[in-house]
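Chemist: What would the 3D arrangement of this be:
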Amino acid sequence: MLKLEEIAPGMTDRAAFVGQTGSGKTTLAQEVCRLRPWVVAFDPKGMLEWDGYERHERLAALTKAKRPRLIYRPVYDELADEETVDAFFEWVYERRNCVLYVDEVYAIAQGDSYPWFFGACLTRGRERGIAVYIASQRPSRVPQVMLSESEHVYTFNLKLPQDRERMADVTGLDETTLQLPKHEFWYAPQVGEVRGPLKLSLGKSSGSSVSLEIPGRSRAEDHHVGEALRT
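Modeler: Residues are numbered from 1 along each chain as shown. Modelled structure (predicted):
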């Protein structure tokens, strides 16, 4: 068994979780976020149901919240307004000392276009104690800087060839290895060996005894992408 903490981002690191819907990326992101005391999650799809988080649909209410774990699930008029979305990221930037998690980054960033203060959090947030985690089911649409800035990349199953091609470039893995069973993923750090495929293993209650399983077959060894892991 490998402990989640062994492959978790550092306090102000950047991380990317990619994979198609239902692959397990959001579950892994939730467990990684549990390791940090202060988290603000941006939920453009309205799908996050994470225990222990206070949810807000209006930015005005969110900015007054005092709880350490918050979810901003903007109503349509706020999500559709670029100034309001940028104001959210500005609030995070000024708030400092937290994890910013964006559940589907291509909802607010495509090509080379993304909110200015999101870019500030991504490229200058380290000095302000801000970690940035992004998730996406379509990494081919995500601005390259968001992947290149990530010290930690967790890649789940990718169905479309253009998404596999993008992540093969980022991780150095062969495209064929990016078609994975549900809940299995590769861990590709910016520095160090690629590990995997791995599988998240939860205890009887969520968050209790989190570990990572190594599936029986060893594709990591077959494709020469990392050192063998000890069980």
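
Chemist: In this structure, where is pLDDT below threshold?
Modeler: For the chain, applying pLDDT under 70 flags the ranges 203-210, 216-231.

Chemist: hmm, 80 instead?
Modeler: Counting by pLDDT under 80, the chain contains low-confidence residues at 1, 110-111, 202-211, 214-231.

Chemist: Identify the single longest helix in it, thanks.
Modeler: helix 82-95 (DSSP state H).

Chemist: got a list of contacts for that helix?
Modeler: Where contact means CB atoms under 8 Å, 6 or more residues apart in numbering, the residues beyond helix 82-95 that reach it are 40, 42, 59, 62-63, 72, 74, 78-79, 98, 100, 108, 115-118, 120-121, 125, 128, 130. Yep, even glycine has a C-beta here, placed from its N, CA and C like the rest.

Chemist: Buried ones only from those, please, as a PyMOL command.
Modeler: Selection command for PyMOL covering only the buried members of these, criterion 16 or more other CB atoms under 10 Å:
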select buried, resi 40+42+59+62+72+74+78+79+98+100+108+115+117+118+120+121+125+128+130
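
Chemist: Which residue ranges of this structure form strands?
Modeler: Taking DSSP state E to define them, one finds strands in the chain at 2-3, 14-18, 39-42, 54-56, 69-72, 98-102, 130-136, 152-155, 184-189, 195-201, 211-213.

Chemist: Relative to residue 167, which of these is closest?
Modeler: The closest of these to residue 167 is strand 152-155. By CB to CB, the value is 5.2 Å.

Chemist: Return the list of strands paired to that closest one, each annotated with direction.
Modeler: The partner list of strand 152-155 in its sheet, established with DSSP bridges, is strand 14-18 (parallel), strand 184-189 (antiparallel).

Chemist: mind listing the helices in the protein by residue range?
Modeler: If you assign secondary structure with DSSP H, the helices in the chain sit at 25-33, 59-62, 76-79, 82-95, 116-124, 144-148, 161-171, 219-222.

Chemist: So for the longest helix of the chain, what gets flagged as buried?
Modeler: Judged by neighbour count (16+ other CB under 10 Å), helix 82-95 contains these buried residues: 84, 85, 86, 87, 88, 89, 90, 92, 93, 95.

Chemist: before we move on, what about stretch 180-191?
Modeler: Neighbour-count burial for stretch 180-191, with 16+ other CB under 10 Å as criterion, is recorded at 180, 183, 184, 185, 186, 187, 188, 189.
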